[in-house]
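Enquirer: I need the structure of the sequence given here:
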Amino acid sequence: LLTDVPPTAPTYRQEFFGPVALGFTVNNLEEAIALANDIPFGLGSSAWTKNSASQQKLIRGIEAGAVFINGMTKSDPRIPFGGIKRSGFGRELGRMGILEFVNAKTIWIN
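Expert: This next block holds a predicted model:
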């Protein structure tokens, strides 16, 4: 667990996968969302709150391909999974993932 990482440190803007995690202290929900979005990546996010209004703000505000509330980021073959920004494009798994591999043909007859 890395804490108190300054925005000037290279690790501040890197995409980490376990067992590494960064921990930050913020004063409010808006600061938390701004901090979460202050990187060029957006694969998955995890936020923890029982307050339904805060949950909705986090879901709408966090720029990531997946937002998990009160649970860790994970994948499930039944639901689409993928990132935004520099964390990739498109989706895998689920119906949306299957459609990534389909080459649709448009036909128009007048």
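Enquirer: rest of the way, CA atoms for contacts and neighbours
Expert: Fine.
Enquirer: give me the residues contacting stretch 22-41.
Expert: 1-5, 12-15, 54, 58, 61-64, 83-87 (C-alpha atoms under 8 Å, 6 or more residues apart in numbering).
Enquirer: mind listing what's buried in that stretch?
Expert: 32-33, 36, 39, 41 (16 or more other C-alpha atoms under 10 Å).
Enquirer: can I get the residues you listed in CSV with distance to residue 74?
Expert: Converted to CSV, the buried residues of stretch 22-41 look like this (distance: C-alpha to C-alpha, whole Å):
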residue, distance to residue 74
32, 21
33, 20
36, 18
39, 20
41, 17
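Enquirer: output the below-cut-off pLDDT ranges for this protein.
Expert: 89, 93, 96 (pLDDT under 70).
Enquirer: can you give me the helices in it?
Expert: Ranges of helices within the chain are 29-37, 52-61, 94-99, based on DSSP state H.
Enquirer: got the angle for the longest one vs helix 29-37?
Expert: What that stands for is helix 52-61. 30 degrees (axes from the mean of the first three to the mean of the last three C-alpha atoms, to 10 degrees).
Enquirer: residue 94 is in contact with residue 77, correct?
Expert: Yes. With contact defined as C-alpha atoms under 8 Å, residue 77 counts as touching residue 94 (5.7 Å).
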